[in-house]
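Undergrad: sharing a sequence plus its predicted fold:
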Amino acid sequence: MKHILPIIVIAQFLSTSLWFAGNAVLLDMAVDLNLEPAYLGHLTSAVQLGFIAGTLIFAVLTISDKFSPSKVFLISAIIAALFNLAVSLQGLSGLQILLLRFGTGFFLAGIYPVGMKIAADYFQKGLGKSLGLLVGALVLGTAFPHLVRSLTNEFPWRFVIYTTSLLAVIGGLMIILFVPNGPFRKKSQSLDFTVFFKVFSLKPFRAAALGYFGHMWELYAFWAFVPIVIQYYGLRHQMEFDIPFMAFSIIGIGGLSCAMGGFLSEKFPPNKIANWALSISGICCFLSPLLIIQGSMLIFLLFLLIWGLAVTADSPMFSTLVAQNSPEKNRGTALTIVNSIGFGISVLSIQLLNYLNPILSPEYLFLILGIGPLIGLYHFRKETFDSQ
């Protein structure tokens, strides 16, 4: 039993490295294929839209509750890896790459929420710690392609695509070989199209979900545009950076805060940790113009690292609260529904920043992201959660 959580965490890390594989190679890909600057937002949104479509279908068909989650994870990892690998083919158009990234996102719906479902089936006690490590693995997996690109800068950009595709398949194999169905799994016997309405009628579930939605308005847009803001800061202050490595550090450090939040949830209520984290990241949104225009590189980097820590620390706490406040037999579907809506919200914020990027000076871009934490905190803080 002790080996289960580390295997789920490592498999989640390996398989979710597919998420930002396209973002990590975009600058090189753009030169290769003569892509427009706005392609960054479209590339990120294609994965998110695929994920939304996947989670909706997985939720409606209650796939992770009806079938073995380990098998769902493996099959999804293999198919997502194949879609990712196809991006490396010669002669693709920008539209074809977007469609392939959509396919990758679609089958990530069988990896990320299903990984959380597997953890919830094993760890009813200490669920916050388990999900903290699991979401931390997602964060590191998301950041990892940037590190691969930094370390292999002398190689063609397709090397990142090959690497992440292979890692995703290894992650799927780890789950199917070493993680059988959990002892707390309750199989759903039939399709239930009313699950969406049932779970949102529960006030604690609804409050946790609304807090998560505010968090998601900020998270992926921040991650997607961090390289743009770093590049702008360097040009503005005439400094040179290893942008892929800095992006990896700022995104990847969030994995540490997820794990820390998970361990802290054994001593403090998850809703308190989520409240503090969402508040700090919201403050960072509104302070961002001042920290971007000032000239100290050290202050700029520390600010982004603090933001990178805060912006993810609440994610496993919200997932814990969603899991704890949803019916056991529909837990996988409830997590999938909330993920689907949250990622839909992230597409809106990414596209809004994509639209504003040519209009606004980059130091003002992140101000827009403060809307999410404000709305999320307003709804989330009104609810009282039972300690579990």
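TA: Thanks, I have the structure now.
Undergrad: got phi/psi on Ser201?
TA: As for Ser201, its main-chain torsions (degrees, to the nearest 10) stand at phi -80, psi -10.
Undergrad: from here on, call the first residue 515.
TA: In the new count, where the first residue is 515, that last one comes out as Ser715.
Undergrad: tell me, how many residues neighbour Leu749?
TA: 11 (other C-beta atoms under 10 Å). No exception for glycine: its C-beta is placed from N, CA and C like everyone else's.
Undergrad: that one: helix or strand, and which one exactly?
TA: Assigned by DSSP states H and E, Leu749 falls within helix 717-750.
Undergrad: quick check: the residue of the chain positioned farthest from its centre vs Ile807, distance?
TA: Going by C-alpha atoms, centre = their mean, the residue of the chain most distant from its centre is Gln752, 32.1 Å out. Gln752 sits 14 Å away from Ile807 when distances are taken as C-beta to C-beta, to the nearest Å.
Undergrad: and for Leu716?
TA: Taken as C-beta to C-beta, the span from Leu716 to Ile807 is 45 Å.
Undergrad: picking up where we left off before, what is the subsequent helix or strand relative to the helix holding Leu749?
TA: Next along from helix 717-750, by DSSP H and E: helix 757-778.
Undergrad: elements contacting that following helix?
TA: Other helices and strands packing on helix 757-778, by 3 or more C-beta pairs under 8 Å, 6 or more residues apart in numbering; DSSP states H and E, are helix 641-665, helix 717-750, helix 784-807, helix 811-827, helix 829-838.
Undergrad: between helix 811-827 and the first one, find me the angle.
TA: Interaxial angle, helix 641-665 versus helix 811-827 (axes from the mean of the first three to the mean of the last three C-alpha atoms, to 10 degrees): 140 degrees.
Undergrad: model confidence over helix 641-665, on average?
TA: Mean pLDDT, computed over helix 641-665, is 89.
Undergrad: kindly report the same for the third one.
TA: For helix 784-807, the per-residue pLDDT values average out at 95.
Undergrad: for that helix, name the packing helices and strands.
TA: Helix 784-807 packs on helix 717-750, helix 757-778, helix 811-827, helix 829-838, helix 885-894, going by 3+ C-beta pairs under 8 Å, 6+ apart.
Undergrad: and if you look at the fourth one?
TA: Contacts defined by 3+ C-beta pairs under 8 Å, 6+ apart place helix 811-827 against helix 641-665, helix 717-750, helix 757-778, helix 784-807.
Undergrad: tell me which other helices or strands the second one touches.
TA: Read that as helix 717-750. Taking 3+ C-beta pairs under 8 Å, 6+ apart as the contact cut, helix 717-750 packs with helix 553-574, helix 709-714, helix 757-778, helix 784-807, helix 811-827, helix 829-838, helix 845-870, helix 885-894.
Undergrad: ok, now with 6 Å
TA: Packing contacts for helix 717-750, counted by 3 or more C-beta pairs under 6 Å, 6 or more residues apart in numbering; DSSP states H and E, involve helix 757-778, helix 811-827, helix 829-838, helix 845-870, helix 885-894.
Undergrad: may I see the buried residues of that helix?
TA: 718-748 (16 or more other C-beta atoms under 10 Å).
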